[in-house]
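Visitor: return a 3D structure for these sequence lines:
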Amino acid sequence: MRDKLEKLLDAYAELEKRMVDPAVVSDPKEYARIAKEHANQAELAAKAREYLSALDDIEVAKEMLRETSDADEKEMLQEDIASNEAKLPGLEDEIKVMLIPGDPNDEKDTIVEIRAGVGGDEAGIFAGDLFNMYRRFAESRKWKVEVLSSSPSDAGGFKTIEFKVTGDKVYSVMKYESGVHRVQRVPKTESQGRIQTSTATVAVLPEADEIDIQIAAEDLRIDTYCASGPGGQGVNTTYSAVRITHLPTNTVVQSQDQRSQIQNREVCMQMLRARLYEMELERQQAEQGATRLAQIGHGNRSEKIRTYNQPQDRVTDHRIGFNGTYNGVLLGDTLPSVIDALAAAERAQKLAEAV
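Guide: Next up, the predicted model:
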């Protein structure tokens, strides 16, 4: 462990040198890349220094213990040795988790799609409730939410809604939300007070740029049509809405919520890149085997991950058995506690696999 950590600190020091190298400073892209890598390694470097410092303190204290005959000094040195030795296991576990390669998509912004499932009008209302939950959660973290495309349902909420979330390490947090969400409650439209079960599917896609996904123009079929919802004065009079079909995969995306055809087309391309990138990730994960697919935070869209039970005032995350209150989670107030528990479970899983 010592040798590995010393090499790690040497590499970190080399990054610090490169950050003041005039050749690097004069290249904005290279400087940004190195600065980002330096920032990502900062916490690990700090833990490595703490671990090595504890080892050094133990060795120094043991040497002094061999040389002294003073009873009080011996007692003090033994306490120092015991204190530093007690730190080591915890530090070692933290360092092992940090040394496991992270998800390269964790730094990315996300495109989130919420789609009403079974349950008719109530499913659409629930999809709207989930969108509001994520919007409040994003606001609490100073993230920006931008609606890309939506299809409102007649009774309220949405048949589908797609929105982009931008901010610091958005995907590293939001990735835990992919899957089927189920609600059990008395719908507003239910006159006899009967509890109904409805579902909505959430897909969290890491945003892909043109570097990640190359799309050939000849692979696209682009259709325009009259928008039927918000979009300014041109709604229903100009062909501002856009539908793009990626012919090789038959992937279809559409947008009509922006004010111009150019804006809707750009939104479609964002969504298309994200969906094609997700397909590529799924292909890679399938090649890597069942262990990778089973990891928390990479849930399949068809996997039921969470139940919101209003009569019992309980929300259960089925992946880890975590329970919270219905209003607390759905209003976004205690959603961070659920996500923190999922992140902790994933870290424990990675540590167990590494061991």
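
Visitor: backbone dihedrals for the residue of the chain most remote from its centre, please?
Guide: In the chain, the residue that sits farthest from the middle, by CA atoms, centre = their mean, is residue 69; the gap is 57.1 Å. Per-residue torsions, residue 69: phi -120, psi 0 (degrees, to the nearest 10).

Visitor: likewise residue 215?
Guide: Dihedral pair for residue 215: phi -120, psi 120, per degrees, to the nearest 10.

Visitor: what's the pLDDT at it?
Guide: For residue 215, the model assigns a pLDDT of 88.

Visitor: one more: the one 3 residues further on?
Guide: In the prediction, the pLDDT value recorded for residue 218 is 90.

Visitor: next up, the contacts around it.
Guide: Contact partners of residue 218, counting by CB atoms under 8 Å, 6 or more residues apart in numbering, are absent. Any C-beta I mention is one placed from the backbone N, CA and C, and that applies to glycine too.

Visitor: and for the one 5 residues further on?
Guide: Shown in contact with residue 223 (CB under 8 Å, 6+ apart): 242-245.

Visitor: residue 144 now?
Guide: Neighbouring residues of residue 144 by CB under 8 Å, 6+ apart: 138, 165-167.

Visitor: redo that, cut-off 7 Å
Guide: Contacts here follow CB atoms under 7 Å, 6 or more residues apart in numbering; on that basis residue 144 touches 166-167.

Visitor: also residue 170?
Guide: 109-110, 143.

Visitor: out of these, which are buried?
Guide: 109-110, 143 (16 or more other CB atoms under 10 Å).

Visitor: in helices, which of those appear?
Guide: In helices, judged by DSSP state H, none of the buried ones among the contacts of residue 170 are found.

Visitor: where in the protein is pLDDT low?
Guide: Within the chain, the segments meeting pLDDT under 70 span 101, 210-211, 228-238, 284-302, 351, 353-355.

Visitor: residue boundaries of the strands in it?
Guide: For the chain, the strands defined by DSSP state E cover 110-116, 144-152, 158-166, 179-185, 196-206, 220-225, 241-246, 251-255, 304-309, 314-317, 322-324.

Visitor: what lies in contact with the fourth one?
Guide: This means strand 179-185. With contacts defined as CB under 7 Å, 6+ apart, strand 179-185 is touched by 117, 126, 130, 195, 197-202, 299-311.

Visitor: can you lay out the strands of the chain as JSON lines showing distance to residue 274?
Guide: Putting those into JSON lines (distance: least, CB to CB, whole Å) gives the following:
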{"stretch": "strand 110-116", "distance to residue 274": "4"}
{"stretch": "strand 144-152", "distance to residue 274": "10"}
{"stretch": "strand 158-166", "distance to residue 274": "9"}
{"stretch": "strand 179-185", "distance to residue 274": "17"}
{"stretch": "strand 196-206", "distance to residue 274": "4"}
{"stretch": "strand 220-225", "distance to residue 274": "15"}
{"stretch": "strand 241-246", "distance to residue 274": "12"}
{"stretch": "strand 251-255", "distance to residue 274": "9"}
{"stretch": "strand 304-309", "distance to residue 274": "20"}
{"stretch": "strand 314-317", "distance to residue 274": "25"}
{"stretch": "strand 322-324", "distance to residue 274": "28"}
